[in-house]
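J.: model the structure of this input:
(one chain, ligands or ions: 1)
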Amino acid sequence: MSTALTSRTALRASGRYVCQQCRAFSLSQRTLAEAQAAEVKKLGVVGAGQMGLGIALVASRMAKVPVVVVDNSQKSLDKGLAFADKLLSKDVSKDRISQSDADATRSRLTPTTKMDDLGDVDMVIEAVPEIVDLKRSIFTQLAQVCPPHAVLATNTSSISITLLARATCPPDNATDLSAASRVISTHFMNPVPVQKGVEIISALQTSPTTLATALAFCRAMGKIPSVSADSPGFLANRILMPYINEAIICLETGVGDEESIDGIMKNGTNVPMGPLQLADFIGLDTCLSIMEVLHGQLGDSKYRPAVRLRLMVQAGWLGKKSGRGFYKY
Ligand SMILES: NC(=O)c1ccc[n+]([C@@H]2O[C@H](COP(=O)([O-])OP(=O)(O)OC[C@H]3O[C@@H](n4cnc5c(N)ncnc54)[C@H](O)[C@@H]3O)[C@@H](O)[C@H]2O)c1
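T.: Numbering: from 1, shown residues only. Got it, this is the predicted structure:
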């Protein structure tokens, strides 16, 4: 055994061992304390699905910034904005917001199908489906179309932020961090207008200013950020997805039916919905992608996606958004 290994083992035993990644993480926290946040006066959001639209709406309403919402599907944009109108009307009817504030919030949202319309934003948040190649190509485009100071954030649930940052570097020069240092994750929780938590994850390339700006903007949106390291699943999904996956394994192996599984967790652990209903709500395709990342990158069989989860995605039963998942909608 090498001396380094022996001394590491001794340090671990004494409780004084700190892994290098965690050490780098805590050092970055110290640097952060000295970094200045930049002001975000205009936001871009890419992807007007359930997450992107929620992020755009909360940014407009709480941070009061204009938001350019880009989606490559006009149908998704129309659906997303109709949903925003519905949420705002509901808030007005319940006296949570005045009609004039609702109108001002709505007027700050500008839908478009053109990425080029992001040419004057100070920050952009990407929320397209959880597909590595798609996200990488979006980040390559963002580095080209956004201004050279703009923070380039992702809402990914599980993909490495470092990998997405790499997609912004010139193909032959991974040390050119002019765009990569501005890449970060702002991982909002679903539904964005309701959940206070947001996970902030830096890539290896992220600068302290980018981290400070992302934290300040999320706070301006009324959110409570938690900072975590760039590790598969980060914090929220590293903990949540194996819980959902285990519930699906209980279903497929006949330990309990949908009602019993959701019932015991809802009534026994005081959560607002059980794991199967929550999976439907998140989207079963998203749940499967995250389990595949955990399984592939951590290599532990405890993260193997449930067979039933994969079958349901193959059937196109993706949960609430497709009208059928573990339940019918
Ligand atoms: N659903 C959740 O509970 C949840 C929670 C946290 C994070 N996330 C993450 O947020 C991201 C988005 O998830 P979602 O549930 O909102 O997905 P979604 O399927 O509801 O929305 C994705 C949107 O992206 C659009 N899109 C696809 N390709 C595009 C492109 N090339 N350019 C522009 N727009 C494009 C689609 O038309 C769609 O409107 C994913 O990375 C997901 O993992 C999801």
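J.: C-alpha only now, for contacts and for neighbours.
T.: Fine.
J.: care to break this protein down by domain?
T.: 29-229, 237-322 (the TED database).
J.: is any part of the shortest one close to the ligand?
T.: Yes: under the criterion of CA under 6 Å from any ligand atom, domain 237-322 makes contact with the ligand via 282-283, 286.
J.: count of residues packed around the residue in the stretch 201-329 of the chain positioned nearest to the ligand?
T.: Of all residues in the stretch 201-329 of the chain, residue 282 sits closest to the ligand, with a separation of 3.6 Å (CA to the nearest ligand atom). Residue 282: 20 surrounding residues under other CA atoms under 10 Å.
J.: surely it meets residue 190?
T.: Yes: here residue 282 reaches residue 190: they are 7.2 Å apart, a contact under CA atoms under 8 Å.
J.: tell me the SS of residue 326?
T.: Under DSSP: H, G, I helix; E, B strand; the rest coil, the three-state class of residue 326 is coil.
J.: contacts only, for it.
T.: 258, 276-277, 280, 319 (CA atoms under 8 Å, 6 or more residues apart in numbering).
J.: would you mind listing what in the chain touches the ligand?
T.: 46-52, 70-73, 76, 127-130, 155-157, 187-190, 282-283, 286.
J.: in helices, which of those appear?
T.: Of these, the ones assigned to helices by DSSP state H are 50-52, 76, 282, 286.
J.: for those, which ChimeraX command selects only the ones that are buried?
T.: The following ChimeraX command selects only the buried members of these, with burial defined by 16 or more other CA atoms under 10 Å:
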select :50,51,52,76,282,286
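J.: pLDDT weak spots in the stretch 1-150 of the chain?
T.: By pLDDT under 70, the low-scoring segments of the stretch 1-150 of the chain are 1-34.
J.: list the buried residues for stretch 259-270?
T.: Residues of stretch 259-270 classed as buried under the neighbour-count rule (16+ other CA under 10 Å) are 261-262, 265.
J.: filter those residues down to just the ones in helices.
T.: 261-262, 265.
J.: nearest to residue 232, of those residues?
T.: Distance ranking of those against residue 232, using CA to CA, places residue 265 first at 25.5 Å.
J.: which residues touch that closest one?
T.: Contacts of residue 265 (CA under 8 Å, 6+ apart): 271, 273-275.
J.: the same query, at a cut-off of 7 Å, please.
T.: By CA atoms under 7 Å, 6 or more residues apart in numbering, the contact set of residue 265 is 271, 274.
J.: separation between it and residue 274?
T.: Using CA to CA, to the nearest Å, residue 265 is found at 5 Å from residue 274.
J.: likewise residue 135?
T.: Separation of residue 135 from residue 274 (CA to CA): 30 Å.
J.: one more: residue 200?
T.: According to CA to CA, residue 200 and residue 274 sit 26 Å apart.
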